[in-house]
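Visitor: Sequence and predicted structure below; questions after.
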Amino acid sequence: MLRPTRGLVLGNLVNNKSEDDAPSVLSEGIALLDASRVRVDLLRLMLAHDELTAIELMDALELTRIGVGKHLNELTEAGLLIERRATHPRGTGGVIYWRADRGR
């Protein structure tokens, strides 16, 4: 389980809210992240970069494609991530880029 101070810092980063909103931010953060260390690490990576692909996340987090996909889907459904579909730079098919929803 996340410690309150840690959840508060993460909540402020994700939601861009002030300390006045701390109780609701903390509650929402813990509920949405389901106290998952992997999801916290994934969000930190997303906040540190503009956009990332699942392959980049697989390498950084040392997870399988299915594992990364599960977390990406949950965080996207929760409104914390935004996905963008594009043609692969080599024109060999589609690629999905994810980024943190900084407006949330």
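Guide: On my side now, so go ahead.
Visitor: Skipping its backbone neighbours, what lies nearest M58 in space?
Guide: V68 (5.1 Å; Cβ to Cβ, 6 or more residues apart in numbering). C-beta coordinates here come from the backbone N, C-alpha and C atoms, glycine included.
Visitor: Give me the contact list for the host helix or strand of L75.
Guide: Assigned by DSSP states H and E, L75 belongs to helix 65-77. For helix 65-77, the external contacting residues (Cβ atoms under 8 Å, 6 or more residues apart in numbering) are 32, 34, 36, 38-39, 42-43, 54, 57-58, 61, 63, 81-83, 98.
Visitor: relative orientation of the next helix-or-strand element following that helix and helix 65-77 in degrees?
Guide: Downstream of helix 65-77, the first helix or strand assigned by DSSP H and E is strand 81-87. Counting by axes from the mean of the first three to the mean of the last three Cα atoms, to 10 degrees, strand 81-87 lies at 120 degrees to helix 65-77.
Visitor: list the buried ones in strand 81-87?
Guide: L81, I82 (16 or more other Cβ atoms under 10 Å).
Visitor: so what secondary structure elements neighbour it?
Guide: Judged by 3 or more Cβ pairs under 8 Å, 6 or more residues apart in numbering; DSSP states H and E, the packing partners of strand 81-87 are helix 65-77, strand 94-100.
Visitor: Excluding chain neighbours, what is closest to L45?
Guide: A60 (5.8 Å).
Visitor: so what's the backbone phi/psi at the one you found?
Guide: phi -70, psi -40 (degrees, to the nearest 10).
Visitor: Contacts only, for L61.
Guide: Here L61 is in contact with V38, D41, L42, L45, G67, V68 (Cβ under 8 Å, 6+ apart).
Visitor: Pull out the buried residues from those.
Guide: Buried positions within the contacts of L61, assessed by neighbour count (16+ other Cβ under 10 Å), are L42, L45, V68.
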